[in-house]
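Peer 1: sharing a model that was predicted from the sequence below.
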Amino acid sequence: MREEETRHDIVVVGGGLAGVCAAVAAARLGRRVALIHNRPVLGGNSSSEVRVWVCGATAHGVHRWARESGIMGELYTENQYRNPEGNPYYWDQVVLDTVLAEPLLDLYLNTDVREAEADGPADARSVRGCTGWMMGSERRITFRAEQFLDCTGDGLLGHLAGARYRIGREARAEHGEPWAPEEADDALLGSTILFHTKDAGRPVKFVAPSYARDLAATPILRNRVLRTGDNGCDYWWIEWGGELDTVHDNERIRDELQGVVLGIWDHIKNSGEFPDAENLTLEWVGSLPGKREYRRFVGDHVLTQQDILEQRPFADRVAFGGWSVDLHPVQGMYADEPGARQRYADGVFHIPLRCLYSVNVSNLLFAGRNISATHIAFGATRVMATCATLGEAAGTAAALCVSTGLSPRELALKEPESVRRALLRQDASVIGAADDDPGNLALGAVATASSRLSRLAAEPTDTEPGERYPLDRDLALLLPADPSVEAVELLVHGDSSPADLTVELWDTGRPENAVPLGHLATTTVTVEPGGPHWVTARFGHRPPAAHNVVVIVRAHPGAALVLVPHRTDGVLALRRRAEGDAAVDHDIPEEEGQAVLEWQARGLRRHTFCFRLSPDTRAFAPSHAVGGFQRPYGGPNMWSSDAPPRAGTDGTWLRLDWDREQTLTEVRVVFDDDVDEYLNNLHRHRTPFEVMPELVRAYRLQALAPDGTWRTLVSEEANRRRHRVHRLAAPVGTRALRLLVDATHGAPRAHVSAFKAYGEAR
C-alpha cells in the first residue's frame with residue numbers, strides 16, 4: 001500500500017455529470033483540479049453501469065428552446081455526432097474525452113473518499129482535505145485544496161465535513177409547500193435498476209433463477225404496464241427503497257430490484273401473454289441501483305416548490321431547469337397509486353448560487369441531487385442535465401473563489417455578477433441575463449452585417465406545396481413581436497361554404513415561456529370555399545418592448561391550415577391537445593391546468609403553418625449578437641442573414657467597428673444549434689441530424705489592417721460546435737473585426753447568437 005498526498009486548487013468528489021461539469025469548468029478557468037470518482041467510468045447514473053437517460057430542462061420536449069448549453073450542451077451535441085445509435089459505451093467515451101481534454105484536470109477513478117479533515121465550530125467549519133482509497137492500486141491518497149465540491153449525490157464528503165443537511169420530507173408548514181406532507185418524515189424516492197433486451201433472430205428460452213420475484217405475488221401486474229417494446233428507462237418505475245435508508249440498505253435494495261427485473265422478464269418470456277417476445281433475450285441487467293435521493297445540503301437559500309412553479313427570478317441565478325416537480329410514491333413499484341405525480345412550471349425555472357454552497361462549511365460547494373432544496377423542489381432539480389448545469393455553476397464559482405480569495409457566500413452576496421458574467425462568457429445555462437461583461441470589447445462596438453432577415457413568413461413553394469392540416473383542434477403560431485404585430489396572414493383551405501374563423505393574440509406571460517398565458521386581442525376572418533386562400537387577421541399590437549406572442553386559430557370543422565415541412569427561424573407551430581393525447585407518459589395521470597402540456601409541438605417540430613407577418617421584424621438585427629441573451633428569451637436573440645452564405649466570397653458577414661483601435665487577444669462566437677431540438681444521450685428520442693443544420697460549418701475571422709485590407713486570423717472548415725473560443729497567437733491591433741460565414745450544416749441562413757472580443761482597449 002502507498003500513502004500519497006496531492007495539492008490542488010479545487011477538489012471535486014463525485015464523477016457523475018455534475019462533478020464532470022464542475023471539474024471541467026474550474027479547469028477551463030485556469031485552476032488545478034482533482035476529480036475523484038469511486039467507479040471505473042464517469043457519468044454516474046448516465047454511465048454504461050446504470051444507463052439512465054440524461055433528462056433536463058426540455059422535459060422530453062415539453063418546454064421549448066430549453067436544451068442546456070455550456071458543458072452539458074457540448075456533451076449532448078458531441079454524443080449526437082459520435083453516437084447517433086445511443087450506445088451507452090460510446091457515451092462513456094464522450095464524457096471521458098471531455099475530462100481528458102483539460103490539461104489542468106487530474107482524474108482519479110476507482111477512488112473512494114472515506115475520510116475528511118475539517119475544523120472549526122459547528123456553524124463555521126472549513127475543509128482541509130479528504131482521503132480516498134484507490135481500489136486495485138492500493139493507494140491511499142490525501143487531497144488538499146482551497147475549495148471542495150461534493151458532487152457525490154449521496155453527500156458523503158459534506159457529511160464527513162460536518163455540513164448541515166436534510167434527509168426525507170419537510171413538513172408543509174416549514175415552507176408552505178402545497179405538496180409537502182403535514183408532518184415531516186424520512187420518506188425518500190427509491191432506487192432503480194434497469195435492463196436492456198435485444199432480438200436474437202431466433203427463439204430464446206429463459207429459465208428464471210431462484211431469486212426472481214413471482215409478480216403474481218406482488219401488486220405490479222395490477223398497477224403497472226409491461227410491454228415487450230419497452231427498454232431501459234421505460235421501466236423507470238422499477239423503483240424501491242423509499243421506506244428504507246437508500247445508502248445503508250443499498251445492497252438489500254439492489255437484491256430486491258434485480259429479483260423484480262428477472263421476475264418481469266420471466267413473466268414476459270414464460271407467461272404466454274407476450275408471443276412477440278419469443279426471439280427476445282436479455283442483453284444487459286444493471287448491477288448498481290440508480291439512486292434518486294439521500295442527503296440534501298442546507299445552503300443560504302433552500303429552493304422550494306413555489307420557487308419552481310412560480311419561476312421566481314434570483315439576482316444570483318446560475319442555472320435553469322425545466323423538469324416537472326416529479327415525485328414518486330414511497331413504496332415505489334409496490335404502491336397501488338401511479339408511479340409518479342408531476343407538475344410543470346409554465347416554462348423554465350431558475351436556481352440561485354445560494355443553493356450551491358454550505359451554510360456552515362465555508363469552503364464547501366455542491367452540485368447535483370444534493371443541493372439545497374426541499375424534497376418537493378428536489379423532484380424537479382434532480383435530473384442529470386440540470387445537475388450538470390449546477391456542476392458547471394459550482395465549478396465556476398469555486399474557481400472564482402480561488403482567484404479572488406472570497407468564500408462562496410461572499411461571492412454570492414457581494415459579487416453575484418462576476419459569477420453570472422463568467423458563466424455567460426462560457427455560454428453556460430443561464431437564461432434571462434444579458435451579457436454586461438466589461439471585458440467584452442464587443443459591447444463598445446457598432447455591429448453591422450451584410451444583410452439581416454427582416455421578412456418573417458412561411459410560404460408554400462413548388463417543391464414544398466404543404467399539406468392540409470385540419471382545424472379539428474385549436475392550432476397556433478408563436479412569433480416574435482419586434483417591433484409589433486399589426487397583422488398576420490394565414491393560408492387557409494375552406495370547405496364547401498364560407499367559414500368564419502376566430503383568431504386570437506396571446507402573450508406568453510414571461511420571456512422564458514412559449515405558451516399562451518394572457519389574452520391580448522380577438523378578431524374574426526372569413527374563409528371562402530376551396531383554396532387555399534390568404535386571409536388577414538389584424539391586431540395592431542404595439543408592445544413597449546420586444547416579446548413573443550402566440551396567434552391562436554380556434555378549431556373549425558370547415559377549414560384547414562397549410563403546413564409546410566421546414567423550420568422558420570424564431571417561430572413555433574403548436575397544437576392544442578385532443579382528448580386521449582398523451583402529454584409525456586401514458587401511465588402517469590396528469591395534473592390539470594398545465595399550459596405547457598395543453599399546447600404541444602410534438603409532431604410539428606421543424607414544420608410551420610403558412611403565414612406572413614407584418615410589419616417586418618427587427619428580431620434578427622446584428623445588435624442581437626452583441627450583449628444579448630445568447631439564446632431565445634422573449635425572442636430569438638440572434639443575428640440571421642437574409643441570404644444563404646456562399647463559400648469563398650465576402651457575401652455573408654457580421655462586423656464589429658470601434659471608434660478607436662483595440663488590442664484583441666481572444667474572440668468567442670456562439671452559433672445557433674437550435675436549442676429547441678430535443679437531444680438525449682441514449683436516444684429515447686432520435687433526431688435525424690448528427691450535426692444541427694443551423695450550425696455554421698465554415699467561417700473566417702478577420703481583422704481590419706491599417707491599409708484597409710482584411711487580415712485573416714482564423715479559418716475553420718469543419719465546425720460542429722456551438723461555442724468556439726479562439727485565443728489569438730499574438731495580440732492584434734484593429735478598429736474592426738468581422739466574421740465571414742462560408743457555409744452552414746444545411747440551414748439556408750447564417751445564424752450567430754453571440755460575437756465577442758476580449759483584450760485591451762487603446
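Peer 2: Ah, there it is. These numbers were taken from a predicted model, which means no experiment stands behind them.
Peer 1: my guess is residue 456 contacts residue 608. True?
Peer 2: No. With contacts defined as C-beta atoms under 8 Å, residue 456 does not count as touching residue 608, sitting 10.4 Å away. For every residue, glycine as well, the C-beta is placed using N, CA and C.
Peer 1: and for those two, which residues touch both?
Peer 2: Shared contacts of residue 456 and residue 608, defined by C-beta atoms under 8 Å, 6 or more residues apart in numbering, are found at 568, 571.
Peer 1: what sits against residue 303?
Peer 2: Taking C-beta under 8 Å, 6+ apart, we find residue 303 in contact with 351-352, 355, 371-374, 377-378, 381.
Peer 1: recalculate using a threshold of 6 Å.
Peer 2: Shown in contact with residue 303 (C-beta atoms under 6 Å, 6 or more residues apart in numbering): 355, 373, 377.
Peer 1: please name the nearest non-neighbouring residue to the second one.
Peer 2: Across the structure, with C-beta to C-beta, 6 or more residues apart in numbering as the measure, the residue nearest residue 373 apart from its sequence neighbours is residue 303 (3.9 Å).
Peer 1: confidence score at that neighbour?
Peer 2: Residue 303 carries a pLDDT score of 98 in this model.
Peer 1: for it, give me phi and psi.
Peer 2: Main-chain torsions, residue 303, degrees, to the nearest 10: phi -70, psi 140.
Peer 1: still on that earlier bit, same list, the contacts of residue 303, but as TSV with distance to residue 506 please.
Peer 2: TSV is the format used below for the contacts of residue 303 (distance: C-beta to C-beta, whole Å):
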residue	distance to residue 506
355	33
373	32
377	29
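Peer 1: nearest to residue 327, of these?
Peer 2: Here the nearest of the contacts of residue 303 to residue 327, counting by C-beta to C-beta, is residue 377; it sits at 10.4 Å.
Peer 1: for the strand or helix carrying that closest one, name the packing helices and strands.
Peer 2: For residue 377, the host element (DSSP states H and E) is helix 375-381. Applying 3 or more C-beta pairs under 6 Å, 6 or more residues apart in numbering; DSSP states H and E, one finds that helix 375-381 contacts helix 305-309, strand 325-327.
Peer 1: identify the residues contacting stretch 186-206?
Peer 2: 51, 168-169, 231-232, 238-242, 246, 253, 257-258, 261, 269, 278-286, 289-293, 328, 330, 332.
Peer 1: just the buried members of those residues?
Peer 2: 51, 168-169, 231-232, 238-242, 246, 253, 257-258, 261, 269, 280-281, 286, 289-293, 328, 330, 332 (16 or more other C-beta atoms under 10 Å).
Peer 1: can you check the pLDDT for the nearest residue to residue 281 once chain neighbours are set aside?
Peer 2: Spatially, and ignoring its direct neighbours in sequence, residue 281 is nearest to residue 204 (4.2 Å; C-beta to C-beta, 6+ apart). We have a pLDDT of 97 for residue 204.
Peer 1: likewise the one 5 residues further on?
Peer 2: Among the per-residue scores, residue 209 shows a pLDDT of 98.
Peer 1: how distant is the one helix or strand residue 106 maps to from the center of its chain?
Peer 2: Using DSSP H and E, residue 106 falls within strand 105-108. Centroid separation for strand 105-108 versus its chain: 26 Å, with C-alpha atoms, centre = their mean, to the nearest Å.
Peer 1: note down every partner strand of the helix or strand just after it and its orientation.
Peer 2: Counting by DSSP H and E, the next helix or strand C-terminal to strand 105-108 is strand 111-119. Strand 111-119 has the following strand partners under DSSP bridges: strand 126-134 (antiparallel).
Peer 1: keeping just the C-alphas, turn the next helix or strand after the partner strand into PDB.
Peer 2: Scanning forward in sequence from strand 126-134 by DSSP H and E, the next helix or strand is strand 139-144. The C-alpha coordinates for strand 139-144 follow below in PDB (Å, rounded to 0.1, in the frame of the first residue of the first chain):
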ATOM      1  CA  ARG A 139      -3.100   3.700  -2.900                       C
ATOM      2  CA  ARG A 140      -4.300   5.800   0.000                       C
ATOM      3  CA  ILE A 141      -4.400   9.400  -1.300                       C
ATOM      4  CA  THR A 142      -5.000  12.600   0.700                       C
ATOM      5  CA  PHE A 143      -6.200  15.500  -1.400                       C
ATOM      6  CA  ARG A 144      -5.700  19.100  -0.200                       C
END
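Peer 1: for strand 139-144, packing partners?
Peer 2: strand 2-7, strand 126-134.
Peer 1: now that strand, how far from the centre of its chain.
Peer 2: Centroid displacement of strand 139-144 relative to its chain, using C-alpha atoms, centre = their mean, is 34 Å.
Peer 1: give me the mean pLDDT for it.
Peer 2: 98.
Peer 1: just stretch 319-333 next, same as before
Peer 2: Mean pLDDT, computed over stretch 319-333, is 97.
Peer 1: run through who's touching that stretch.
Peer 2: Under the criterion C-beta under 6 Å, 6+ apart, residues 57, 59, 63, 66, 187, 189-190, 220, 237-240, 242-243, 335, 337, 340-344, 348-351, 379-381, 383, 386, 389-390, 393, 429, 431 lie in contact with stretch 319-333.
Peer 1: cool, stretch 334-350 as well?
Peer 2: Residues from elsewhere that reach stretch 334-350, judged by C-beta under 6 Å, 6+ apart: 57, 66, 219, 223, 237, 308-309, 311, 313-314, 317, 320-322, 324-329, 512-513, 588-589, 591, 594-596.
Peer 1: beta-bridge partners for residue 549, please?
Peer 2: Bridge pairing for residue 549 - DSSP bridges - gives residue 479, residue 507.
Peer 1: ok, the nearest residue to residue 355 once chain neighbours are set aside - how many residues close by?
Peer 2: With C-beta to C-beta, 6+ apart as the criterion, residue 355 has its nearest non-adjacent residue at 4.2 Å, and that residue is residue 372. Residue 372 sits with 27 neighbouring residues when counted by other C-beta atoms under 10 Å.
Peer 1: mind listing what residue 372 touches?
Peer 2: 297-299, 302, 355.
Peer 1: check contacts around residue 407.
Peer 2: Counting by C-beta under 6 Å, 6+ apart, residue 407 touches residue 362.
Peer 1: over to the one 5 residues further on?
Peer 2: Contacts here follow C-beta under 6 Å, 6+ apart; on that basis residue 412 touches 316, 353-354.
Peer 1: go through the residues you listed and flag which are in strands.
Peer 2: The strands in this structure, assigned by DSSP state E, contain none of those.
Peer 1: hang on, the earlier thing: compare the contacts of residue 303 and tell me which has the most neighbours.
Peer 2: Busiest of the contacts of residue 303 [other C-beta under 10 Å] is residue 355, holding 31 neighbours.
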